[in-house]
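> curious how this folds, go ahead:
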Amino acid sequence: MPVFDHPEFDHHQQVVHGCDEASGLRAIIAIHDTRRGPALGGLRIYPYADEAEALTDVLRLSRGMTYKSALADLPLGGGKAVIIADPRRDKTPELLRAMGRLVDSLSGRYITAEDSGSSEADMRVIAEATDHVGGLGHAGRSGDPSPFTAHGVFCALRSAVRHGLGREDLAGLRVAVQGVGHVGAHLARRLHAAGARLVLTDVDRDALARLGEELEAEIVRPEAIVDAEVDVFAPCAMGAALSAEVVERLKARVVCGAANNQLASPEIADRLHARGILYTPDYVANAGGVIEIAWQRRPDYRREAVMAHIEGIGATLDEIFARAAREGRSPAPVADDLARERFRPTP
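You can find the predicted model right below:
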(Lines give C-alpha, C1' and ligand atoms only; values in the text may rest on other atoms or scores of the structure.)
Protein backbone atom coordinates (compact mmCIF):
# COMPACT_ATOMS: atom_id res chain seq x y z
CA MET A 1 0.00 0.00 0.00
CA PRO A 2 1.39 3.48 -0.84
CA VAL A 3 2.43 5.45 2.24
CA PHE A 4 0.51 8.65 1.53
CA ASP A 5 -2.76 6.75 1.05
CA HIS A 6 -2.28 4.54 4.10
CA PRO A 7 -5.07 4.93 6.70
CA GLU A 8 -2.45 5.33 9.45
CA PHE A 9 -0.50 8.04 7.61
CA ASP A 10 -0.77 11.28 9.61
CA HIS A 11 1.45 13.76 7.78
CA HIS A 12 4.54 11.83 8.82
CA GLN A 13 7.63 13.82 7.93
CA GLN A 14 9.68 10.88 6.70
CA VAL A 15 9.33 7.12 6.18
CA VAL A 16 12.50 5.21 5.34
CA HIS A 17 12.78 1.60 4.18
CA GLY A 18 16.13 -0.07 4.72
CA CYS A 19 17.51 -3.32 3.34
CA ASP A 20 20.87 -5.01 3.83
CA GLU A 21 21.37 -8.17 1.79
CA ALA A 22 24.34 -9.47 3.76
CA SER A 23 22.61 -9.43 7.16
CA GLY A 24 19.05 -9.97 5.98
CA LEU A 25 17.87 -6.63 7.38
CA ARG A 26 14.42 -5.48 6.28
CA ALA A 27 13.44 -2.44 8.29
CA ILE A 28 11.21 0.63 8.28
CA ILE A 29 11.81 3.86 10.22
CA ALA A 30 8.94 6.34 10.51
CA ILE A 31 9.51 9.90 11.71
CA HIS A 32 6.18 11.48 12.58
CA ASP A 33 7.03 14.95 13.90
CA THR A 34 10.20 16.74 15.00
CA ARG A 35 8.90 20.18 15.91
CA ARG A 36 9.65 19.64 19.61
CA GLY A 37 12.99 17.93 18.95
CA PRO A 38 14.52 14.82 17.38
CA ALA A 39 12.22 11.82 17.02
CA LEU A 40 12.78 9.29 19.80
CA GLY A 41 11.18 5.86 19.61
CA GLY A 42 12.03 2.24 20.21
CA LEU A 43 13.04 -0.49 17.80
CA ARG A 44 10.49 -3.30 17.51
CA ILE A 45 11.73 -6.61 16.06
CA TYR A 46 8.78 -8.77 15.11
CA PRO A 47 7.94 -11.45 12.49
CA TYR A 48 5.30 -9.40 10.69
CA ALA A 49 3.25 -11.31 8.15
CA ASP A 50 4.29 -8.87 5.44
CA GLU A 51 5.59 -5.38 4.76
CA ALA A 52 2.07 -3.88 4.86
CA GLU A 53 1.56 -5.08 8.44
CA ALA A 54 4.95 -3.68 9.46
CA LEU A 55 4.17 -0.33 7.85
CA THR A 56 0.84 -0.10 9.68
CA ASP A 57 2.56 -0.75 13.00
CA VAL A 58 5.42 1.70 12.52
CA LEU A 59 3.11 4.51 11.36
CA ARG A 60 0.81 4.07 14.37
CA LEU A 61 3.63 3.69 16.87
CA SER A 62 5.59 6.70 15.61
CA ARG A 63 2.54 8.94 15.81
CA GLY A 64 1.94 7.74 19.35
CA MET A 65 5.49 8.67 20.30
CA THR A 66 4.92 12.28 19.19
CA TYR A 67 1.85 12.54 21.39
CA LYS A 68 3.63 10.73 24.23
CA SER A 69 6.62 13.07 24.26
CA ALA A 70 4.40 16.14 24.03
CA LEU A 71 2.26 15.18 27.02
CA ALA A 72 5.35 14.08 28.96
CA ASP A 73 6.75 17.59 28.38
CA LEU A 74 9.89 16.33 26.65
CA PRO A 75 11.93 18.24 24.04
CA LEU A 76 11.47 15.36 21.60
CA GLY A 77 9.41 14.37 18.61
CA GLY A 78 8.03 10.99 17.70
CA GLY A 79 9.47 8.17 15.66
CA LYS A 80 9.64 4.40 15.59
CA ALA A 81 11.54 1.64 13.85
CA VAL A 82 10.60 -1.94 13.03
CA ILE A 83 12.60 -4.86 11.73
CA ILE A 84 10.70 -7.64 9.98
CA ALA A 85 12.32 -10.64 11.68
CA ASP A 86 11.88 -13.21 14.43
CA PRO A 87 14.00 -11.87 17.31
CA ARG A 88 14.56 -15.38 18.67
CA ARG A 89 15.87 -16.76 15.40
CA ASP A 90 16.98 -13.96 13.06
CA LYS A 91 18.63 -11.41 15.32
CA THR A 92 22.40 -11.27 14.79
CA PRO A 93 25.11 -8.70 15.51
CA GLU A 94 25.43 -8.13 11.77
CA LEU A 95 21.72 -7.35 11.44
CA LEU A 96 21.85 -4.96 14.40
CA ARG A 97 24.89 -3.14 13.04
CA ALA A 98 23.16 -2.79 9.69
CA MET A 99 20.22 -1.28 11.57
CA GLY A 100 22.63 1.08 13.28
CA ARG A 101 23.91 2.25 9.90
CA LEU A 102 20.36 2.90 8.75
CA VAL A 103 19.66 4.96 11.89
CA ASP A 104 22.92 6.84 11.40
CA SER A 105 21.97 7.76 7.84
CA LEU A 106 19.24 10.00 9.29
CA SER A 107 21.86 12.22 10.97
CA GLY A 108 20.16 12.43 14.37
CA ARG A 109 16.58 13.07 13.21
CA TYR A 110 15.70 9.68 14.73
CA ILE A 111 17.01 8.22 18.01
CA THR A 112 16.39 4.53 18.56
CA ALA A 113 15.96 2.64 21.84
CA GLU A 114 14.83 -0.69 23.29
CA ASP A 115 11.36 -2.03 22.50
CA SER A 116 9.56 -5.33 22.00
CA GLY A 117 12.01 -7.84 20.54
CA SER A 118 15.08 -5.72 21.28
CA SER A 119 17.14 -5.31 24.43
CA GLU A 120 19.69 -3.08 26.09
CA ALA A 121 22.40 -5.46 24.84
CA ASP A 122 21.07 -5.02 21.30
CA MET A 123 21.23 -1.25 21.68
CA ARG A 124 24.91 -1.55 22.59
CA VAL A 125 25.57 -3.43 19.35
CA ILE A 126 23.62 -0.84 17.36
CA ALA A 127 25.67 1.86 19.11
CA GLU A 128 28.76 0.46 17.40
CA ALA A 129 27.37 1.94 14.18
CA THR A 130 25.63 5.11 15.38
CA ASP A 131 25.60 7.58 18.27
CA HIS A 132 21.84 8.05 17.95
CA VAL A 133 20.85 5.42 20.52
CA GLY A 134 19.04 5.81 23.84
CA GLY A 135 18.47 3.41 26.71
CA LEU A 136 22.11 2.51 27.31
CA GLY A 137 21.97 3.21 31.02
CA HIS A 138 23.50 5.98 33.07
CA ALA A 139 26.36 6.03 35.56
CA GLY A 140 26.63 2.25 35.61
CA ARG A 141 22.89 1.65 35.86
CA SER A 142 20.92 -0.56 33.49
CA GLY A 143 19.23 1.13 30.57
CA ASP A 144 16.17 -1.15 30.81
CA PRO A 145 13.19 1.24 30.70
CA SER A 146 10.71 -1.35 32.03
CA PRO A 147 10.75 -0.37 35.72
CA PHE A 148 10.26 3.29 34.80
CA THR A 149 7.45 2.51 32.39
CA ALA A 150 5.75 0.41 35.09
CA HIS A 151 6.15 3.21 37.64
CA GLY A 152 4.43 5.62 35.26
CA VAL A 153 1.57 3.19 34.63
CA PHE A 154 1.19 2.71 38.39
CA CYS A 155 0.91 6.50 38.84
CA ALA A 156 -1.57 6.64 35.95
CA LEU A 157 -3.65 3.85 37.45
CA ARG A 158 -3.91 5.66 40.76
CA SER A 159 -5.26 8.72 38.93
CA ALA A 160 -7.69 6.61 36.90
CA VAL A 161 -8.97 4.84 40.03
CA ARG A 162 -9.46 8.19 41.73
CA HIS A 163 -11.50 9.58 38.82
CA GLY A 164 -13.23 6.39 37.71
CA LEU A 165 -13.93 4.69 41.01
CA GLY A 166 -13.71 7.55 43.52
CA ARG A 167 -11.00 5.78 45.51
CA GLU A 168 -7.75 7.13 46.90
CA ASP A 169 -6.16 3.76 47.69
CA LEU A 170 -5.72 0.43 45.91
CA ALA A 171 -6.19 -1.90 48.87
CA GLY A 172 -8.57 -4.72 47.94
CA LEU A 173 -8.96 -3.44 44.38
CA ARG A 174 -9.21 -6.24 41.82
CA VAL A 175 -6.95 -5.71 38.80
CA ALA A 176 -6.60 -7.92 35.72
CA VAL A 177 -3.14 -7.66 34.15
CA GLN A 178 -3.01 -8.91 30.56
CA GLY A 179 0.64 -9.75 29.87
CA VAL A 180 3.32 -10.10 32.55
CA GLY A 181 6.48 -9.51 30.55
CA HIS A 182 9.02 -6.97 31.79
CA VAL A 183 6.60 -4.06 32.31
CA GLY A 184 3.56 -6.13 33.27
CA ALA A 185 5.47 -8.04 35.93
CA HIS A 186 6.88 -4.84 37.46
CA LEU A 187 3.40 -3.32 37.48
CA ALA A 188 1.87 -6.43 39.06
CA ARG A 189 4.42 -6.33 41.87
CA ARG A 190 3.70 -2.65 42.53
CA LEU A 191 -0.03 -3.32 42.63
CA HIS A 192 0.41 -6.29 44.95
CA ALA A 193 2.53 -4.20 47.31
CA ALA A 194 -0.25 -1.58 47.33
CA GLY A 195 -2.79 -4.19 48.43
CA ALA A 196 -4.50 -4.94 45.13
CA ARG A 197 -5.79 -8.43 44.35
CA LEU A 198 -4.56 -9.62 40.97
CA VAL A 199 -5.82 -11.71 38.07
CA LEU A 200 -2.96 -12.46 35.67
CA THR A 201 -2.48 -13.99 32.26
CA ASP A 202 0.30 -14.40 29.70
CA VAL A 203 1.21 -16.66 26.81
CA ASP A 204 4.40 -17.64 28.69
CA ARG A 205 2.89 -20.19 31.05
CA ASP A 206 6.06 -20.79 33.07
CA ALA A 207 6.67 -17.11 33.79
CA LEU A 208 2.98 -16.67 34.56
CA ALA A 209 2.96 -19.55 37.04
CA ARG A 210 6.05 -18.23 38.86
CA LEU A 211 4.67 -14.70 39.17
CA GLY A 212 1.24 -15.95 40.15
CA GLU A 213 2.71 -17.95 43.01
CA GLU A 214 4.92 -15.04 44.09
CA LEU A 215 1.99 -12.59 44.21
CA GLU A 216 -0.72 -15.05 45.31
CA ALA A 217 -2.64 -14.08 42.18
CA GLU A 218 -5.43 -15.80 40.29
CA ILE A 219 -4.26 -17.22 36.96
CA VAL A 220 -6.54 -17.42 33.91
CA ARG A 221 -6.16 -18.37 30.25
CA PRO A 222 -5.28 -15.49 27.90
CA GLU A 223 -8.69 -15.61 26.20
CA ALA A 224 -10.50 -15.43 29.57
CA ILE A 225 -8.82 -12.36 31.07
CA VAL A 226 -11.34 -9.87 29.63
CA ASP A 227 -14.18 -11.71 31.38
CA ALA A 228 -12.60 -11.44 34.84
CA GLU A 229 -14.69 -9.86 37.60
CA VAL A 230 -12.35 -6.95 38.29
CA ASP A 231 -12.36 -3.21 38.90
CA VAL A 232 -9.45 -2.40 36.56
CA PHE A 233 -8.30 -3.98 33.30
CA ALA A 234 -4.60 -3.41 32.54
CA PRO A 235 -3.54 -4.33 28.97
CA CYS A 236 0.22 -4.88 29.08
CA ALA A 237 0.80 -7.12 26.05
CA MET A 238 0.67 -6.26 22.34
CA GLY A 239 -1.57 -3.56 20.88
CA ALA A 240 -5.20 -3.61 19.72
CA ALA A 241 -6.30 -5.46 22.87
CA LEU A 242 -9.51 -3.42 23.02
CA SER A 243 -11.84 -4.47 20.22
CA ALA A 244 -15.59 -3.93 20.05
CA GLU A 245 -16.14 -7.50 21.27
CA VAL A 246 -13.75 -7.08 24.19
CA VAL A 247 -15.39 -3.81 25.27
CA GLU A 248 -18.76 -5.52 25.48
CA ARG A 249 -17.32 -8.32 27.62
CA LEU A 250 -15.33 -6.16 30.06
CA LYS A 251 -16.49 -6.13 33.67
CA ALA A 252 -13.94 -3.50 34.70
CA ARG A 253 -14.92 0.16 35.08
CA VAL A 254 -11.38 1.42 34.48
CA VAL A 255 -8.86 0.55 31.77
CA CYS A 256 -5.23 1.48 32.40
CA GLY A 257 -2.25 -0.46 31.10
CA ALA A 258 1.20 -0.34 29.56
CA ALA A 259 0.54 -1.61 26.02
CA ASN A 260 0.87 0.73 23.06
CA ASN A 261 -2.06 1.30 20.69
CA GLN A 262 -4.59 -0.47 22.91
CA LEU A 263 -7.60 0.62 20.85
CA ALA A 264 -8.24 -1.62 17.84
CA SER A 265 -9.73 1.45 16.14
CA PRO A 266 -10.34 5.05 17.28
CA GLU A 267 -14.09 4.61 17.74
CA ILE A 268 -13.43 2.04 20.50
CA ALA A 269 -12.79 4.99 22.82
CA ASP A 270 -16.40 6.11 22.35
CA ARG A 271 -17.66 2.57 22.97
CA LEU A 272 -15.81 2.48 26.28
CA HIS A 273 -17.18 5.91 27.18
CA ALA A 274 -20.73 4.82 26.32
CA ARG A 275 -20.39 1.83 28.65
CA GLY A 276 -19.17 4.03 31.50
CA ILE A 277 -15.66 2.59 31.41
CA LEU A 278 -12.91 5.16 32.04
CA TYR A 279 -10.17 4.70 29.45
CA THR A 280 -6.65 5.88 30.26
CA PRO A 281 -4.93 7.00 27.02
CA ASP A 282 -2.07 4.53 26.66
CA TYR A 283 0.59 6.93 25.42
CA VAL A 284 0.09 9.08 28.50
CA ALA A 285 0.19 6.18 30.96
CA ASN A 286 3.21 4.41 29.51
CA ALA A 287 5.52 7.42 29.08
CA GLY A 288 7.78 6.56 32.04
CA GLY A 289 10.32 4.71 29.93
CA VAL A 290 10.76 7.46 27.36
CA ILE A 291 11.04 10.02 30.16
CA GLU A 292 13.91 8.08 31.71
CA ILE A 293 15.62 7.59 28.33
CA ALA A 294 15.32 11.33 27.65
CA TRP A 295 16.90 12.10 31.02
CA GLN A 296 19.79 9.75 30.24
CA ARG A 297 20.77 12.17 27.48
CA ARG A 298 21.03 15.10 29.91
CA PRO A 299 24.25 16.01 31.74
CA ASP A 300 22.29 16.70 34.96
CA TYR A 301 20.75 13.22 35.26
CA ARG A 302 19.37 12.61 38.76
CA ARG A 303 17.22 9.59 39.55
CA GLU A 304 15.03 11.54 41.98
CA ALA A 305 14.34 14.12 39.26
CA VAL A 306 13.48 11.35 36.81
CA MET A 307 11.01 9.77 39.22
CA ALA A 308 9.41 13.15 39.96
CA HIS A 309 9.01 13.77 36.23
CA ILE A 310 7.40 10.34 35.78
CA GLU A 311 5.06 10.94 38.70
CA GLY A 312 3.83 14.00 36.82
CA ILE A 313 1.95 11.55 34.58
CA GLY A 314 -0.68 11.40 37.31
CA ALA A 315 -1.18 15.18 37.26
CA THR A 316 -1.42 15.19 33.46
CA LEU A 317 -4.12 12.54 33.62
CA ASP A 318 -5.94 14.43 36.35
CA GLU A 319 -6.18 17.32 33.87
CA ILE A 320 -7.29 15.05 31.01
CA PHE A 321 -9.91 13.20 33.07
CA ALA A 322 -11.32 16.43 34.51
CA ARG A 323 -11.53 18.05 31.05
CA ALA A 324 -13.15 14.91 29.61
CA ALA A 325 -15.77 14.92 32.37
CA ARG A 326 -16.55 18.61 31.81
CA GLU A 327 -16.93 18.11 28.07
CA GLY A 328 -18.74 14.76 28.27
CA ARG A 329 -16.14 13.09 26.06
CA SER A 330 -13.81 10.12 26.21
CA PRO A 331 -10.36 10.94 27.62
CA ALA A 332 -8.79 9.65 24.35
CA PRO A 333 -9.70 12.58 22.07
CA VAL A 334 -9.14 15.02 24.95
CA ALA A 335 -5.58 13.74 25.34
CA ASP A 336 -5.05 13.99 21.58
CA ASP A 337 -6.25 17.60 21.60
CA LEU A 338 -3.97 18.51 24.50
CA ALA A 339 -0.97 16.86 22.83
CA ARG A 340 -1.59 18.67 19.54
CA GLU A 341 -1.75 21.96 21.41
CA ARG A 342 1.80 21.23 22.56
CA PHE A 343 3.44 20.03 19.35
CA ARG A 344 1.38 22.10 16.92
CA PRO A 345 1.21 25.43 18.74
CA THR A 346 -1.07 28.12 17.35
CA PRO A 347 0.99 30.76 15.47
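
> where does the stretch 201-347 of the chain have low pLDDT?
345-347 (pLDDT under 70).

> which residues in it form helices?
Per DSSP state H, counting those that start in this stretch, the stretch 201-347 of the chain carries helices over the ranges 205-215, 244-249, 268-274, 282-285, 288-296, 303-327, 331-343.

> neighbouring contacts of the fourth one?
So that's helix 282-285. 64-65, 67-68, 71-72, 152-153, 156-157, 235, 256-263, 313, 316-317, 320, 335 (C-beta atoms under 8 Å, 6 or more residues apart in numbering). Backbone N, C-alpha and C define where each C-beta goes, glycine included.

> cool, and stretch 104-112?
So stretch 104-112 is contacted by 14, 16, 29, 31, 34, 38-43, 76, 79, 81, 99, 103, 123, 126, 129-134 (C-beta under 8 Å, 6+ apart).

> same check, this time on stretch 15-23
3, 25-31, 55, 58-59, 92, 94-95, 97-99, 101-102, 105-106.

> next one: residue 219 from residue 272, what distance?
Relative to residue 272, residue 219 is positioned 26 Å away (C-beta to C-beta, to the nearest Å).

> show me the contacts of stretch 15-23 that map onto helices.
55, 58, 59, 94, 95, 97, 98, 99, 101, 102 (DSSP state H).

> what's the farthest-apart pair in those?
59 and 94 (27.3 Å; C-beta to C-beta).

> thinking again about what came up before, looking at the contacts of stretch 104-112, which are in helices?
99, 103, 123, 126.

> list the contacts for the last one?
Contact partners of residue 126, counting by C-beta under 8 Å, 6+ apart, are 43, 96, 97, 99, 100, 103, 112, 133.

> JSON lines please, covering these and showing pLDDT, distance to residue 180 and neighbour count.
Shown next, in JSON lines, are the contacts of residue 126 (pLDDT from 0 to 100; distance: C-beta to C-beta, whole Å; neighbours: other C-beta atoms under 10 Å):
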{"residue": "43", "pLDDT": "97", "distance to residue 180": "22", "neighbour count": "26"}
{"residue": "96", "pLDDT": "98", "distance to residue 180": "27", "neighbour count": "24"}
{"residue": "97", "pLDDT": "98", "distance to residue 180": "32", "neighbour count": "19"}
{"residue": "99", "pLDDT": "98", "distance to residue 180": "28", "neighbour count": "28"}
{"residue": "100", "pLDDT": "98", "distance to residue 180": "31", "neighbour count": "22"}
{"residue": "103", "pLDDT": "98", "distance to residue 180": "31", "neighbour count": "28"}
{"residue": "112", "pLDDT": "97", "distance to residue 180": "26", "neighbour count": "29"}
{"residue": "133", "pLDDT": "95", "distance to residue 180": "28", "neighbour count": "24"}
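
> among those residues, which one sits closest to residue 290?
Looking across the contacts of residue 126 and measuring by C-beta to C-beta, the closest to residue 290 is residue 112, at 12.1 Å.

> tell me which element residue 69 falls in.
In this structure, residue 69 sits in helix 51-71 according to DSSP states H and E.
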